[in-house]
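okay, sequence plus prediction incoming.
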Amino acid sequence: MKNTTLILKYLYNLERFGIKLGLEEITKLAAALGNPQNNFKCIHIAGTNGKGSVACFLASILQAAGFKVGLYTSPHLIRFNERIKVNDKNINDEKLAELTIFIKQKVEAENIQTTFFEFTTALAFLYFSQQGVDYAVIETGMGGRLDATNIINPELSVITNISLDHTQHLGSTKKLIAREKAGIIKKDSVVITAETDPLIRRIFKEVCDGKKSQFIVLDKELKYQLSSCDFSGQKFVTTGIINNLFEIRMLGEHQLHNASLAILAANLLKIPVAVIKQGLKEAFWSGRLEVIKNRPLIIVDGTHNIAGMKKLVGFLKKQALPKNKILLIGMSKDKEHKEMLRLIIPLFDQIVISQGNYKPAEINLLESIIRPYSKPVFTFADIKEAIKKVQHLATSDDFILITGSLYLVGDVLGHRNLFK
């Protein structure tokens, strides 16, 4: 089973077990592999939005500091290998096949009922251990308390923020979701958050107090102010425990927030400011307000929940965008379609609906929600045809946004050759 296609087929076939929150099976699997997660230092990142960006910033900073750094995130955009990186290089196909076969043998020998995410998490831990990483930056898959990544004992835990998402698994209120995310907090540890809601902060503080852990809030330690920005990046000034000018390539005010959280985390890890600046400047997280063409201006953004859509809309309203604006949108079936579309549709003149490769919302459903806005609407099940259509609708002076789902954005980026 060394063919990459067969390897991926085996891994994706594990999705038949669905989402199974709990630590029993991943604990068995890690033990069968010799608990590789104990062989390197970890930074654990949870939260509703911004996890991947903060993880990317931190991994880049640690690498700039001279450490060998593992990065585990999900989902991927184009290739599975993107989920598991060492020093910003994806795990290669040969190593992915080798470790999958090895772990599969352990799973079958010990009758471990592993899900897709549990298997890939164990694979990441084993790979990082074999590669001899100094640090691994680990993003939770969903929630925190019962997430498969929560068998690590991190140097630092980061909770970005709390919004409503995955409510069928994590709870129907922010308070319930916060309790789940707070499950990553370990005894005698350090926890930082960028959360601004006093109620949610209080929940985190109570958990930290109960576990004798230090609780640090971003805006009490560090504040930021935008200095300048264009479509190539942003500069911002921080005040508080660090007073300095920083530069990032990623767009949107929310990325200043994410970068500031990474600065605070790096400072706690005793990394010099000059190194933090270098790491931030070099960091890039694809599919998040990414400009893929300038004429016409085409931006892709993997926004996939209400909180993210509000940030995206806020960003767009601050830009001097061309008069004719075209939207290519697709969503996953388990999202708040009406509210997300209510936020974004009024900003655009023409709408093209398509779908991503995983759990897509029915195109007819999205069309029925969009039609009452009295905008020209076009539908394509084939993402390649949708890409061709938005470019046909646009002149070189227009604006195209592609958003609604990381899976949709990943499919679009996989067809960059169509953007001529």
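Nice, I can see it. Numbering: from 1, shown residues only.

use CA for all of it now, contacts and neighbours both
OK.

buried residues in stretch 299-314?
299, 300, 301, 302, 303, 304, 305, 306, 307, 308, 309, 312 (16 or more other CA atoms under 10 Å).

point out the ones among those that are inside helices.
Mapping the buried residues of stretch 299-314 onto helices (DSSP state H) picks out 306, 307, 308, 309, 312.

now, which of those sits nearest residue 320?
residue 312 (14.5 Å; CA to CA).

out of the buried residues of stretch 299-314, who's nearest residue 333?
residue 304 (10.7 Å).

mind listing what that closest one touches?
331, 332, 335, 403, 404, 405, 406 (CA atoms under 8 Å, 6 or more residues apart in numbering).

paired strands for the helix or strand encompassing residue 228, with orientation please.
If you go by DSSP states H and E, residue 228 is part of strand 222-230. Sheet pairing for strand 222-230, assigned by DSSP bridges, gives strand 233-240 (antiparallel).

and whatever helix or strand comes next after the partner strand, which residues are buried?
The element immediately downstream of strand 233-240 (helix or strand, assigned by DSSP H and E) is strand 244-248. Judged by neighbour count using 16+ other CA under 10 Å, the buried positions of strand 244-248 are 246, 247, 248.

report the beta-bridge partners for the first one.
Going back to what we said before, that points to residue 246. Residues in beta-bridge contact with residue 246 (DSSP bridges): residue 236.

I'd assumed residue 236 was in contact with it.
Yes - the criterion here is CA atoms under 8 Å, and residue 246 meets it with residue 236 at 5.4 Å.

which stretches of this structure aren't confidently modelled?
The chain contains residues with pLDDT under 70 at 1-2, 15-21, 143, 163-172.

tell me which residue is most central in it.
residue 52 (3.3 Å; CA atoms, centre = their mean).

that residue - that's part of a helix, no?
Yes - under DSSP: H, G, I helix; E, B strand; the rest coil, residue 52 falls within a helix.

which ones are touching residue 194?
Contacts of residue 194 (CA under 8 Å, 6+ apart): 159, 160, 161, 217, 218, 219, 257, 261.

quick one: residue 232 from residue 224, how far?
19 Å (CA to CA, to the nearest Å).

can you list the domains in this structure?
Using automatic domain parsing, the domain ranges for the chain come out as 4-282, 290-418.

buried ones in stretch 192-199?
192, 193, 194, 195.

same list (those) but as JSON lines, adding distance to residue 410.
Output for these, formatted as JSON lines (distance: CA to CA, whole Å):
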{"residue": "192", "distance to residue 410": "30"}
{"residue": "193", "distance to residue 410": "28"}
{"residue": "194", "distance to residue 410": "27"}
{"residue": "195", "distance to residue 410": "28"}
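
which of those residues fall within helices?
Using DSSP H, none of the buried residues of stretch 192-199 sit in helices.

ok, back up a step: compare neighbour counts for residue 232 and residue 224 and give me the winner.
residue 224 (19 against 11; other CA atoms under 10 Å).

returning to that earlier point: in JSON lines, list the contacts of residue 304 along with secondary structure, distance to residue 347 and neighbour count.
Below are the contacts of residue 304 laid out as JSON lines (DSSP: H, G, I helix; E, B strand; the rest coil; distance: CA to CA, whole Å; neighbours: other CA atoms under 10 Å):
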{"residue": "331", "secondary structure": "coil", "distance to residue 347": "18", "neighbour count": "31"}
{"residue": "332", "secondary structure": "strand", "distance to residue 347": "21", "neighbour count": "22"}
{"residue": "335", "secondary structure": "coil", "distance to residue 347": "20", "neighbour count": "19"}
{"residue": "403", "secondary structure": "strand", "distance to residue 347": "13", "neighbour count": "27"}
{"residue": "404", "secondary structure": "coil", "distance to residue 347": "14", "neighbour count": "29"}
{"residue": "405", "secondary structure": "coil", "distance to residue 347": "18", "neighbour count": "26"}
{"residue": "406", "secondary structure": "helix", "distance to residue 347": "21", "neighbour count": "26"}
